[in-house]
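Visitor: Predicted model and sequence below, questions to follow.
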Amino acid sequence: MNYLTHQFLTTEEINLIKKELDKYNQDWEDGRKTAGSHASKVKNNIQLSRESEVSKKFTKFIIEKLNKDQLIKSFSLSKKIHGTIFTKSKKGMKYGRHIDNTFMSTGRADLSFTLFLSNVDSYEGGELIIENINSKNTFKLNAGQILIYPSTYLHSIQEVTQGERLVFIGWIESYVKSIEEREYLFDLDAGARGILAKNGRSDELDLIFKSYSNFLRLLGS
């Protein structure tokens, strides 16, 4: 499984975050400020200053919640969540085709994520396009949903033609670098937890959990 989509925030949490962000219009700045040399040529959006109090407050809240979410933990095997920022695309803004930097000042980018904060019917355009070897996948999720995907893929944000697209983005440095190895571990963990929920603990299940832990120890860094 290369992508994970997941309902992450409640309606109440979304409304609170958006209400507070609306009070800080002066803290939004040109998104090219944090882009790499190539990305800055195709990036056109605005982002909330990481140094603003509202950014620090809700970044802390979201990262703490990410670190507690069992599904996200199992999928990403997160070692470090970093580079997070609130970004906004207004009418006419887009982010052209690019790939995320492998090494950032904040950490290695194994996985990228987008947490959608705008309802899909509140803006037009703004789809996230992720390119695989033989396909292109289009994502436009509802408010509160998160998409996690490998940072190794080319991706882009289509032009917003109406309304405003608000998201929270960031990167994950995983204990396991390989996409395939993370998938094997995720499937093994999900299968074991499913068996546990249906049948309870057993000697055989203990062996599966033992193998999972030892594979993680072997593959992790």
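Guide: All right, it came through fine.

Visitor: Grab the longest strand from this protein for me.
Guide: strand 78-89 (DSSP state E).

Visitor: what's Ala39 sitting at in phi/psi?
Guide: phi -60, psi -30 (degrees, to the nearest 10).

Visitor: Just give the closest residue to Leu188, not the sequence neighbours.
Guide: Closest residue in space to Leu188, ignoring its immediate chain neighbours: Tyr212 at 5.0 Å, by C-beta to C-beta, 6 or more residues apart in numbering. To be clear about C-beta, it is placed using only N, CA and C from the backbone, and glycine gets the same treatment.

Visitor: C-alpha coordinates for the strand or helix carrying that neighbour, CSV please?
Guide: Tyr212 belongs to helix 203-219 when assigned by DSSP states H and E. C-alpha atoms of helix 203-219 as CSV (Å, rounded to 0.1, in the frame of the first residue of the first chain):
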residue,chain,number,x,y,z
ASP,A,203,0.8,-18.8,21.0
GLU,A,204,0.7,-18.7,17.2
LEU,A,205,-0.1,-14.9,17.3
ASP,A,206,2.7,-14.3,19.7
LEU,A,207,5.1,-15.8,17.1
ILE,A,208,3.7,-13.4,14.4
PHE,A,209,4.2,-10.4,16.7
LYS,A,210,7.7,-11.7,17.5
SER,A,211,8.5,-11.9,13.8
TYR,A,212,7.1,-8.4,13.2
SER,A,213,9.2,-6.9,15.9
ASN,A,214,12.4,-8.7,14.8
PHE,A,215,11.8,-7.7,11.1
LEU,A,216,11.4,-4.1,12.2
ARG,A,217,14.6,-4.4,14.3
LEU,A,218,16.4,-5.8,11.2
LEU,A,219,15.1,-3.3,8.7
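
Visitor: tell me the mean pLDDT for it?
Guide: For helix 203-219, mean pLDDT rounds to 96.

Visitor: now do stretch 9-25
Guide: Mean predicted lDDT for stretch 9-25 stands at 94.

Visitor: what does the model give the residue nearest in space to the middle of the chain for pLDDT?
Guide: Central residue of the chain (C-alpha atoms, centre = their mean): Phe113, 1.4 Å from the mean position. Per-residue confidence at Phe113 stands at 98 (pLDDT).

Visitor: There's contact between it and Leu147 in this structure, I believe.
Guide: Yes - if you go by C-beta atoms under 8 Å, Phe113 and Leu147 touch, sitting 6.5 Å apart.

Visitor: Check which residues of stretch 85-103 are buried.
Guide: By 16 or more other C-beta atoms under 10 Å, the buried positions in stretch 85-103 come out as 85-90, 93-95, 98-101.

Visitor: Let's have the residues you listed in CSV, adding pLDDT and distance to Leu77.
Guide: Below are these laid out as CSV (pLDDT from 0 to 100; distance: C-beta to C-beta, whole Å):
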residue, pLDDT, distance to Leu77
Ile85, 97, 23
Phe86, 97, 25
Thr87, 97, 25
Lys88, 97, 30
Ser89, 97, 30
Lys90, 96, 36
Met93, 97, 33
Lys94, 96, 32
Tyr95, 96, 27
His98, 93, 25
Ile99, 91, 21
Asp100, 92, 18
Asn101, 91, 21
